[in-house]
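Asker: return a 3D structure for these sequence lines:
(chains A and B)
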Amino acid sequence: AQSVAQPEDQVNVAEGNPLTVKCTYSVSGNPYLFWYVQYPNRGLQFLLKYITGDNLVKGSYGFEAEFNKSQTSFHLKKPSALVSDSALYFCAVETDSWGKFQFGAGTQVVVTP
Amino acid sequence: DAGITQSPRHKVTETGTPVTLRCHQTENHRYMYWYRQDPGHGLRLIHYSYGVKDTDKGEVSDGYSVSRSKTEDFLLTLESATSSQTSVYFCAISGGDYNSPLHFGNGTRLTVT
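Answerer: As a prediction, the model looks like this:
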């Protein structure tokens, strides 16, 4: 069965510093991985996805994610965090059932001025 | 934002009463989903639909039913609400291509007293 894990409930970072949100996955075939962001009282918004090809995927709002097959990881990164990046971030994998997704528990990011 | 409207946005109901949540989309997308979001669990799939009158169960479908009589509307019904169904419910849509990301509504906060 496909699954994702986000090992950190919360990540704290100072504005201007690099931000990393961790995600590891377990899949039986090719991994199709996604990152979403959720702001308070809103639905999730798509940030980026990895399907195949380059291990470094670029997405919205200056975010990127690095796919590492040997470590089964798909960490979300941003070189310089902004206070406005404070939100809840979810990693997801598309399961072997087409159109169905498994979400991680989420990581709360807090960026302080 | 994708054209997804959830109604109501907030609802308080009593245990044992029926509740129906509505999701309306203007994107003409084939796939529609209902998720619930609970702290520590991320998002869990309740039911999904892959076309008019075509629906299937997700991982937490017990106590829920759905209907889709038109492309644009996907209804989630709690036949007899229980306190364990207190949650935030999100509707999502997808264009249907493999690896298409989900687009979410802004959620319905349901409290069962």
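Asker: just give the closest residue to B:S67, not the sequence neighbours.
Answerer: B:L75 (4.9 Å; Cβ to Cβ, 6 or more residues apart in numbering or on different chains). Every residue, glycine included, has its C-beta placed from N, CA and C.
Asker: now that neighbour: how far from chain A?
Answerer: For B:L75, the distance to chain A equals 18 Å [Cβ to the nearest Cβ, to the nearest Å].
Asker: next one, pLDDT for that residue please.
Answerer: As predicted, B:L75 sits at a pLDDT of 98.
Asker: ok, A:K78 next?
Answerer: 97.
Asker: go on, A:D96?
Answerer: Confidence score, pLDDT, at A:D96: 67.
Asker: verify the stated contact: B:G3 with B:C23.
Answerer: No: at 11.1 Å, B:G3 and B:C23 do not qualify as touching, with contact defined as Cβ atoms under 8 Å.
Asker: how about the helix or strand encompassing the residue nearest to B:S67, which residues are buried there?
Answerer: Using DSSP states H and E, B:L75 sits within strand B:73-78. By neighbour count on 16 or more other Cβ atoms under 10 Å in any protein chain shown, the buried set for strand B:73-78 is B:74-76, B:78.
Asker: same deal with stretch A:48-67?
Answerer: Going by neighbour count (16+ other Cβ under 10 Å), the buried part of stretch A:48-67 is A:48-50, A:57, A:59, A:63-67.
Asker: now residue 24, which residues is it bridged with?
Answerer: If you meant another chain, say so; for now it's chain A. A:A5, A:S73 (DSSP bridges).
Asker: chain B is the one I meant
Answerer: If you apply DSSP bridges, the partners that B:H24 bridges to are B:T5, B:D73.
Asker: neighbours of it, how many?
Answerer: When neighbours are defined as other Cβ atoms under 10 Å in any protein chain shown, B:H24 has 17 of them.
Asker: test my guess that it contacts B:D73.
Answerer: Yes: here B:H24 reaches B:D73: they are 5.5 Å apart, a contact under Cβ under 8 Å.
Asker: follow-up on the earlier one: confirm for me that the residue nearest to B:S67 is in contact with B:S49.
Answerer: No: look at B:L75 against B:S49 with Cβ under 8 Å: they stay out of range, at 10.0 Å.
Asker: and for the two, which residues touch both?
Answerer: Common contacts of B:L75 and B:S49 (Cβ atoms under 8 Å, 6 or more residues apart in numbering or on different chains): B:66, B:68.
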